[in-house]
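Undergrad: Take a look and give me a structure for this.
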Amino acid sequence: MTRFEIKIVAALLLIAVIPLAASVYLVGQVIKVSDSVTEGQTQRLARPLERAAQAYRWLFQARKRAFKLQGRLLALDPELGRGLEGPGPDRPALERRLRALVAAEAGVGVMEVLDRLGEVVARAERREGLSPSTHRDLRLEHPMGRRGYRLRVTFFTPRQPFEDFRQLGLAQRTSVALTHLRDELASYYRVAFLIMFGAVALAATVLGVFIARRTTRRMAVLAQATRKVAAGDLETRVHIRSRDELGDLARAFNDMVQQIKESSDRIVYLEKVGAWQEIARRLAHEIKNPLTPIQLAVQQLHRKYDGDDEGFRSTLEDAHDIITEEVDGLRRLVAAFSAFAKLPTVQPEPLELGALIDDFLKSHSELSQQARIEWQPDEEVASARVLVDRMLVKHVLYNLVENAIHAAEDADVLERLTVTLTARVEPGARRAELTVADNGPGMEDQTASRVFEPYFTTKERGTGLGMAIVKKIVLEHKGSIRVHSRRNEGTRVVLTLPLAG
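TA: Next up is the predicted model:
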């Protein structure tokens, strides 16, 4: 992993971990405060709960002692004792007395007299107001006299105090359980936060590695492309399709390399043309000097021959015509070389595009007589101002239209030739695009690829300098020119020229 990737991962870890660590600390403080408050509340409630429970226990114990005392007193009842004094128990008397005692004694539900074998001798029961669903029973037995009789009394007491006591006990046990649970939850919270902390750290690390690798991979592509460009490979392009800053950087890099390539091509072409201009200047000088003596010598020889040899005179006439024609051809070639060698320097000025083309069409009206020329721009394009040299751009347009006419003449299609001039403006690119298209015979791909080479021509008497001059003029305007042509489908030449301002 590179240092840059480590920095990205570390930054993402810090971004993810610092808030989580702060939240862990804050949650820990909240838990601590909550535990403190809860512990204080528990301690404040524990003593009252214990006292209430003790009070209930005392109540139950006091009630049980009261029931025992009440049962003992009932067992000592004199009338019950007289009912047991005879040779056998007086059941009717005992039952009357038991019913009277049950009715008189509060809380007594059932009273029974048992013999020594546990058999019921007499029994009385209260039926109203005492329900097992609302009362609990307490059964007590007390001895009666010396003959083994016992009095069994069933007391009924309301269930609500016992239910309250049970709920109180449940509250105490719940409070203790909550205290233990609170202690356990604190550790659970810590474990959960540690797991979350680890998960977030792991996720941040993985995400950081992914982002860092993706970023550094694209940066490595840019760096490699930069090294290729530095080594001279101006065909290098970076293919990064993202819409972030790296994508913008890649597109800017591609634009920069394209501009460097165009500038380099422009410089190379202009240097090449400059070298050919020097050669043309020297050739024009070397060819021009002997042309006049040659022509004068031939003319003098032709005039001074007075002989009667018809064969020689015919040969002399042919030689005179041939030499004169070739000298004229050489003079035209010298004139072309001289014009090529003495191209004027570009002196640009702001001109309206429509006015420039209208001026060209008026200045060379003879072209409109040889072919149909169409130019109908919209108002916005026609009013666009370009920074050009009027004379040189008119020369470029003349050369392009003339080439279309000559190609149509050679192919015998001049009668249907149409040359169309179109223009459009690219404000974002700060340039205007001018197109010269024809429906002539077109060119082969190999010919179209060499059309701007100096001295390359397909014409029988051409010099191959016209399109070279055109490209040189366009490049010196800091523009560009390209040719699109296919055989029998016409030719389209596209020029770009800088906008003024």
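Undergrad: quick one, strands of the stretch 351-500 of the chain?
TA: Applying DSSP state E, counting those that start in this stretch to the stretch 351-500 of the chain gives strands spanning 372-375, 385-388, 418-426, 431-438, 480-485, 491-498.
Undergrad: what mean pLDDT does the last one have?
TA: Taken as a whole, strand 491-498 carries a mean pLDDT of 94.
Undergrad: cool, the second one as well?
TA: The predicted model assigns strand 385-388 a mean pLDDT of 93.
Undergrad: helices and strands around it, which ones?
TA: Judged by 3 or more Cβ pairs under 8 Å, 6 or more residues apart in numbering; DSSP states H and E, strand 385-388 is in contact with strand 349-352, helix 353-363, strand 491-498. (Each C-beta comes from the backbone N, C-alpha and C, glycine too.)
Undergrad: As TSV, the strands of the stretch 351-500 of the chain with mean neighbour count and distance to residue 99 would be great.
TA: Below are the strands of the stretch 351-500 of the chain laid out as TSV (neighbours: other Cβ atoms under 10 Å; distance: least, Cβ to Cβ, whole Å):
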stretch	mean neighbour count	distance to residue 99
strand 372-375	15	137
strand 385-388	22	132
strand 418-426	18	122
strand 431-438	21	127
strand 480-485	18	131
strand 491-498	20	129
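Undergrad: Next, format these as JSON lines and append distance to residue 275.
TA: Converted to JSON lines, the strands of the stretch 351-500 of the chain look like this (distance: least, Cβ to Cβ, whole Å):
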{"stretch": "strand 372-375", "distance to residue 275": "35"}
{"stretch": "strand 385-388", "distance to residue 275": "26"}
{"stretch": "strand 418-426", "distance to residue 275": "33"}
{"stretch": "strand 431-438", "distance to residue 275": "28"}
{"stretch": "strand 480-485", "distance to residue 275": "20"}
{"stretch": "strand 491-498", "distance to residue 275": "24"}
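Undergrad: Please name whichever of those is nearest to residue 404.
TA: Proximity to residue 404, assessed across the strands of the stretch 351-500 of the chain by Cβ to Cβ, is greatest for strand 431-438 (4.1 Å).
Undergrad: which outside residues touch the closest one?
TA: Contact with strand 431-438 is made by 353, 357, 381, 384, 386, 397, 400-401, 404, 407-408, 417-426, 479, 490-499, as judged by Cβ atoms under 8 Å, 6 or more residues apart in numbering.
Undergrad: what about stretch 416-435, start to end distance?
TA: Across stretch 416-435, the terminal residues are separated by 20 Å (Cα to Cα, to the nearest Å).
Undergrad: from the middle of its chain, how far away would it be?
TA: Here the centre of stretch 416-435 is set off from its chain's centre by 38 Å, with Cα atoms, centre = their mean, to the nearest Å.
Undergrad: What segments of this structure are helices?
TA: 3-75, 78-82, 91-104, 160-230, 245-304, 310-341, 353-363, 365-370, 379-382, 390-410, 445-449, 466-476 (DSSP state H).
Undergrad: Tell me which of those is the most buried.
TA: helix 466-476 (a mean of 22; mean count of other Cβ atoms under 10 Å).
Undergrad: hang on, the earlier thing: can you put the helices of the chain in JSON lines and add distance to residue 433?
TA: Shown next, in JSON lines, are the helices of the chain (distance: least, Cβ to Cβ, whole Å):
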{"stretch": "helix 3-75", "distance to residue 433": "42"}
{"stretch": "helix 78-82", "distance to residue 433": "133"}
{"stretch": "helix 91-104", "distance to residue 433": "123"}
{"stretch": "helix 160-230", "distance to residue 433": "27"}
{"stretch": "helix 245-304", "distance to residue 433": "15"}
{"stretch": "helix 310-341", "distance to residue 433": "27"}
{"stretch": "helix 353-363", "distance to residue 433": "10"}
{"stretch": "helix 365-370", "distance to residue 433": "22"}
{"stretch": "helix 379-382", "distance to residue 433": "10"}
{"stretch": "helix 390-410", "distance to residue 433": "14"}
{"stretch": "helix 445-449", "distance to residue 433": "19"}
{"stretch": "helix 466-476", "distance to residue 433": "12"}
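Undergrad: just for the stretch 301-450 of the chain, where's the confidence low?
TA: The stretch 301-450 of the chain contains residues with pLDDT under 70 at 307, 336-342, 427.
Undergrad: got a list of what residue 228 touches?
TA: residue 236.
Undergrad: and the gap between the nearest residue to residue 305 once chain neighbours are set aside and residue 303?
TA: Spatial nearest neighbour of residue 305, chain neighbours left out: residue 316 (5.9 Å); criterion: Cβ to Cβ, 6 or more residues apart in numbering. The gap separating residue 316 from residue 303 is 10 Å, by Cβ to Cβ, to the nearest Å.
Undergrad: now do residue 124
TA: In this view, residue 124 and residue 303 are 184 Å apart by Cβ to Cβ.
Undergrad: what's the average pLDDT for stretch 245-254?
TA: Stretch 245-254 comes out at a mean pLDDT of 79.
Undergrad: how deep is residue 137 tucked in, by neighbour count?
TA: Using other Cβ atoms under 10 Å, residue 137 has 12 neighbouring residues.
Undergrad: Also residue 107?
TA: Using other Cβ under 10 Å, residue 107 has 18 other residues around it.
Undergrad: Look up how far residue 163 lies from it.
TA: For residue 107 relative to residue 163 (Cβ to Cβ), the value is 18 Å.
Undergrad: now residue 489
TA: Distance, residue 489 to residue 163, using Cβ to Cβ: 107 Å.
Undergrad: what's the answer for residue 452, then?
TA: Taking Cβ to Cβ, one finds residue 452 at 111 Å from residue 163.
Undergrad: same deal with residue 173?
TA: Distance from residue 173 to residue 163, by Cβ to Cβ: 16 Å.
Undergrad: ditto for residue 62
TA: Counting by Cβ to Cβ - residue 62 and residue 163 are separated by 18 Å.
Undergrad: One more: residue 327?
TA: 141 Å.
Undergrad: do residue 405 as well
TA: Where residue 163 is concerned, residue 405 sits at a distance of 120 Å (Cβ to Cβ).
Undergrad: repeat for residue 302
TA: 153 Å.
Undergrad: How many residues are close by residue 156?
TA: 20.
Undergrad: What's the separation between it and residue 63?
TA: Distance, residue 156 to residue 63, using Cβ to Cβ: 11 Å.
Undergrad: same question, residue 343
TA: 132 Å.
Undergrad: What of residue 360?
TA: 128 Å.
Undergrad: likewise residue 383?
TA: 115 Å.
Undergrad: before we move on, what about residue 218?
TA: From residue 218 to residue 63 the distance is 88 Å (Cβ to Cβ).
Undergrad: ok, now residue 252?
TA: 97 Å.
Undergrad: No more questions from me, cheers.
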